[in-house]
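Asks: here is the input, now give the coordinates:
(one chain, ligands or ions: 1)
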Amino acid sequence: MVHRRLLQLAGAVPGVILALAGVGVLLSAMHVGFALTAGSVIATLVRDDGDLASTLPALVALAAIAVVRGVVVAVREPVATRLGASVRLRLRRRLLARLVAVPAAERDAGEVAATVIDGVDGLDAYYTRYLPQLVVVLVVPAAVVGLVAVRSTAAGAVLAVAAAVAVLAPRVWDARLLRNGRRRWDVFTRLSADFVEALQQVPLLRAFGATGRVADRLATTAEGLRRSTMTQLRVSLVETAVSALALHLGTALAVVAALHGVLTGDVRAPVAVTVLLLARECFRPVQDLGTTWHAGYLGLTAVDGLDRLLSMRPSVVEAGDHAAPAATGTIELTGVTYRYPGSTTGVRDLSLRVAAGETVAVVGPSGSGKSTLARLLERDVDPQQGVVRVGGLGLPDYTPTARSRSVVVVPQDPTLFAWTVRENLRLYRPDATGSQIEQAARTADVHEVVQSLPDGYDTVLAEDGGQLSGGQRQRLALARALLSPAPVLVLDEITSALDVGTERRVMDAVVAATRERTVIVVAHRESACTHADRWVRLQDGRIVATGDGAPVVEAPAGAR
Ligand SMILES: Nc1ncnc2c1ncn2[C@@H]1O[C@H](COP(=O)(O)OP(=O)(O)OP(=O)(O)O)[C@@H](O)[C@H]1O
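Replies: All right, here's what the predicted structure looks like:
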């Protein structure tokens, strides 16, 4: 089955397919050459009464064909594997390029992992095994039928019908297989997504005593996957059985037709042997097609997932060419409106000017739009209306690198990498010296924490800093941001996991270390914004009040 969308998705794959198909046709040609030569050897032996000497050249030819065929097979495997790897690489690059442009909140990690890993692996087999073999099937059986027909018309006709049935009959089940396969893929990606989520949240689930319920849910989905896989296998088996029947019956009937020709005197006896050998070569590519189909159909079923990922619209389009970071930390929002896709929530008509070096607290109840404002400032999303300027220039005018050197946002739940602490801290400044790193860590009140780790700054963190507490991860992310040269820092509730004493200590040090920079402090607690020059209160996505000095922040329920 040729899927047009899959060919479009893969881009420059036709060359690979044709090259591998060429090798397949060459191998089949050698098989056919072998069969014809073997037939001629038998014919000579029958004619010359077993005189081996007269068959010597043909025997040498047979040996040569066998050797060359062995070499081609040996070369084809690594070449196919390499070409398959390059197809996978290209597809994964396209997928990842698209994924990085889509905000994390708008994609499902489990589905993405299943598609990028299993789906693309399945496609490799589809492109480098199934499709080349399909080309071979279009060429070789027809050619072999022709070769047989010139020797025995009846045998040729039988082979033609049997080959057509063996190739075309399974196509009756293709639509059903694909429908089932797509359903199976949906269950598979759902299971992947649920599994990844459950694994990440084990402590939370345990705390809520919900592990049993989640395990039951996973078991139900897994059972659905098993059932769907078995249905798929059943259909597939029927398809294979029909094809195999046509194949074996065709071979037998072709030989019977040739033998009938021998009995009627239309065909010479050795020709019946050649027909038998050629019939084998007629069906070999068809048989191989069945095998490669099963290897490659996973890719076919993943097409919806791939399509979904590749057609996700990036939240921002990078077209800016201003390669220098903002010279000053001025921020200007003019009539900025951003609504989340398919929703009316977000922020509306925000206008705000922040002078370079100012510290502004952004406060407001949960859901009022504070984090959305932070996302707009780092250009994670673009406003549908209005403009965000930093250093006098619209954010879209900067290149991504210049922008990331102009504004650094520290989110409430920052991401740490499974690298060493030092490498994590150097994210924005790869050339930071040891003393600069230590200074930033001291400012963020995390130096002692790092020192208590087994290898200090050279300790490799667990995935997402798993061996650290929420507050320690926040402080490491803060130290990382402090090391960046960006003139604008946006701290989005970065002290939410700290006790009030630690928060005050951290904020005192941060304010002292960022006098030259513009700092936007998003906070729920008054203690986080005592140093602010100004405050802005959001409500329902709008600025509802502003004032000088530190704001009086209503503590959220339960935080008092
Ligand atoms: N990915 C999203 N898709 C749809 N709506 C969203 C998304 N993220 C946030 N929202 C909605 O946008 C509004 C503003 O959310 P935002 O996260 O900016 O609020 P917040 O003030 O930072 O809240 P909190 O203090 O609880 O972190 C809310 O109504 C929220 O439900």
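Asks: centroid-nearest residue for this structure?
Replies: With distances taken as C-alpha atoms, centre = their mean, V116 lies nearest the centre of the chain, 2.0 Å away.
Asks: right, and T334 touches V387 too?
Replies: Yes - counting by C-beta atoms under 8 Å, T334 does reach V387; the two are 5.3 Å apart. Bear in mind the C-beta positions are built from the backbone N, C-alpha and C, glycine included.
Asks: please name the nearest non-neighbouring residue to the residue nearest to the centre of the chain.
Replies: L95 (5.4 Å; C-beta to C-beta, 6 or more residues apart in numbering).
Asks: report pLDDT for that neighbour.
Replies: Here, the pLDDT recorded for L95 equals 84.
Asks: V316 versus that one, what's the distance?
Replies: 18 Å (C-beta to C-beta, to the nearest Å).
Asks: and the pLDDT for the closest residue to V362 other than its chain neighbours?
Replies: Leaving out its chain neighbours, the residue that sits closest to V362 by C-beta to C-beta, 6+ apart is V522, at 4.8 Å. The model reports V522 with a pLDDT of 89.
Asks: L95 and V316 - which one has more neighbours?
Replies: Between L95 and V316, counted using other C-beta atoms under 10 Å, L95 has the larger neighbour count: 21 against 17.
Asks: give me the element that one is part of.
Replies: Assessed by DSSP states H and E, L95 sits inside helix 56-100.
Asks: beyond that helix, next helix or strand please.
Replies: helix 109-114.
Asks: just confirm R151 contacts V267, I think it does.
Replies: Yes - using C-beta under 8 Å, R151 is in contact with V267, at 6.8 Å.
Asks: residues shared between the contacts of the two?
Replies: Residues touching both R151 and V267 (C-beta atoms under 8 Å, 6 or more residues apart in numbering): A258.
Asks: and the two? Which one has more around it.
Replies: Ranked by neighbour count (other C-beta under 10 Å), R151 and V267 place V267 first, with 22 against 19.
Asks: then that one would be within a helix, right?
Replies: No - counting by DSSP: H, G, I helix; E, B strand; the rest coil, one finds V267 to be coil, located in no helix.
Asks: residues contacting it?
Replies: Contacts of V267 were listed using C-beta under 8 Å, 6+ apart, and they are R151, S152, A258, G261.
Asks: in those, which residue is surrounded by the most others?
Replies: Across the contacts of V267, neighbour numbers were computed from other C-beta under 10 Å; A258 holds the maximum, 29 neighbours.
Asks: shaky segments in the stretch 151-300 of the chain?
Replies: Counting by pLDDT under 70, the stretch 151-300 of the chain shows no low-confidence range.
Asks: mind listing the helices for it?
Replies: 153-168, 171-200, 202-207, 211-264, 269-301 (DSSP state H, counting those that start in this stretch).
Asks: what would the ones you listed look like in a markdown table with distance to P487?
Replies: Converted to a markdown table, the helices of the stretch 151-300 of the chain look like this (distance: least, C-beta to C-beta, whole Å):
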| stretch | distance to P487 |
| --- | --- |
| helix 153-168 | 67 |
| helix 171-200 | 35 |
| helix 202-207 | 38 |
| helix 211-264 | 46 |
| helix 269-301 | 48 |
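Asks: what's the closest of these to the ligand?
Replies: With C-beta to the nearest ligand atom as the measure, helix 171-200 is the member of those nearest the ligand (16.5 Å).
Asks: helices or strands up against the closest one?
Replies: On a contact count with 3 or more C-beta pairs under 8 Å, 6 or more residues apart in numbering; DSSP states H and E, helix 171-200 meets helix 109-114, helix 211-264, helix 269-301, helix 303-310.
Asks: now do it and helix 269-301, the angle between them.
Replies: Going by axes from the mean of the first three to the mean of the last three C-alpha atoms, to 10 degrees, helix 171-200 is angled at 40 degrees with respect to helix 269-301.
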